[in-house]
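Peer 1: below: sequence and its predicted model.
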Amino acid sequence: MRVKKRKIKRKFVANKKTNLIISNVGEISLGTNEHLTINVLNKKNEICAMNWGLYATSSINSRLKKEGFLTALTKNSFNKFFVMLIDKKKIKNFKSYCKVEKIKVIKWLDKSN
């Protein structure tokens, strides 16, 4: 694993319509069969590099659920799809964000149906 931390955060506008600004703080490079845990909001998500690609999240119906995340497949106003992990306790924030950013939940992936 290699970590490249930015000395100066690169800020950019992720959505010009809503002026959503994101800060790029660095880069992590994983080798094959390397595993990384990311801690956000006192919750964990894992990424694992494989020789065929990535496990991009922990198991949706087990580990993420235990961490208190809901998982949604979403589509933005530019017809781009994203998998989002939402803190169960922050669902109102997520809904507000989706309204402002014009994001639609296509499917809740953590539901069995």
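Peer 2: Received it, and whenever you're ready, just let me know what you need.
Peer 1: what's the single longest strand in the protein?
Peer 2: The single longest strand within the chain, with elements called by DSSP state E, is strand 2-15.
Peer 1: and the contacts of that strand?
Peer 2: Strand 2-15 is contacted from outside by Asn19, Leu20, Ile21, Ile22, Ser23, Asn24, Val25, Gly26, Glu27, Ile28, Ser29, Glu101, using C-beta atoms under 8 Å, 6 or more residues apart in numbering. Every C-beta, even on glycine, is put in place using the N, C-alpha and C of the backbone.
Peer 1: name the nearest residue to Asp110, sequence neighbours excluded.
Peer 2: Nearest residue to Asp110, sequence neighbours excluded (C-beta to C-beta, 6 or more residues apart in numbering): Thr71, at 4.5 Å.
Peer 1: with secondary structure, distance to Ile60 and pLDDT added, can I get the contacts of strand 2-15 in CSV?
Peer 2: Shown next, in CSV, are these (DSSP: H, G, I helix; E, B strand; the rest coil; distance: C-beta to C-beta, whole Å; pLDDT from 0 to 100):
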residue, secondary structure, distance to Ile60, pLDDT
Asn19, coil, 32, 86
Leu20, strand, 26, 89
Ile21, strand, 29, 93
Ile22, strand, 24, 93
Ser23, strand, 27, 94
Asn24, strand, 27, 94
Val25, strand, 26, 93
Gly26, strand, 26, 94
Glu27, strand, 26, 94
Ile28, strand, 22, 95
Ser29, strand, 25, 95
Glu101, helix, 22, 92
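Peer 1: can you redo these as TSV with neighbour count and distance to Gly53?
Peer 2: Shown next, in TSV, are the contacts of strand 2-15 (neighbours: other C-beta atoms under 10 Å; distance: C-beta to C-beta, whole Å):
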residue	neighbour count	distance to Gly53
Asn19	8	34
Leu20	13	28
Ile21	10	30
Ile22	12	24
Ser23	9	27
Asn24	10	23
Val25	10	24
Gly26	11	22
Glu27	10	18
Ile28	13	16
Ser29	10	15
Glu101	15	27
